[in-house]
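> next one to model:
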Amino acid sequence: MLKTFYVQTDEVKRITDVIEIPYGDYVQVELNTPLPFQIMGGAYQLINGQAIYKPEWDTNYLQAKITKLEKDNADLTFAMMNGGLL
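Numbering: from 1, shown residues only. The predicted structure follows:
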């Protein structure tokens with residue numbers, strides 16, 4: 001369901017705050033509800049009035065990706081040290 005919100009953005013249009021009443025330089029937008037929880041975590045960019053998810057800005061996404069890469073690296077290292085890859 002669409003609902004009117006007012007968003008604050010930084011210099012790269014990253015959404016930094018979302019409120020339900022007009023305030024200062026906040027921009028009025030229509031967003032689907034419920035809002036995604038990452039919208040308040042700086043993982044969304046306002047582009048042409050739409051909130052667009054940017055995984056590279058999502059610290060949870062990045063941490064999960066780093067953890068997976070570290071595990072994959074450890075698995076490959078273990079395999080190479082124990083007879084190589086088959």
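
> what's the separation between the residue most central in space within the chain and Met80?
When Cα atoms, centre = their mean is applied to the chain, the residue found nearest the centroid is Ala43 (2.8 Å). Distance, Ala43 to Met80, using Cβ to Cβ, to the nearest Å: 36 Å. Every C-beta, even on glycine, is put in place using the N, C-alpha and C of the backbone.

> can you give me the helices in the protein?
For the chain, the helices defined by DSSP state H cover 59-81.

> which of the helices and strands in it ranks last by mean pLDDT?
helix 59-81 (a mean of 80; mean pLDDT, DSSP states H and E).

> and the contacts of it?
Gln38, Gly41, Ala43, Pro55, Glu56, Leu85 (Cβ atoms under 8 Å, 6 or more residues apart in numbering).

> state the pLDDT value of the fifth one.
What it means is Glu56. Turning to Glu56, the model gives it a pLDDT of 87.

> do the second one as well
For Gly41, the pLDDT comes out at 82.

> do I have it right that it meets Asp58?
Yes: when contacts are counted by Cβ atoms under 8 Å, Gly41 is listed as touching Asp58 (6.9 Å).
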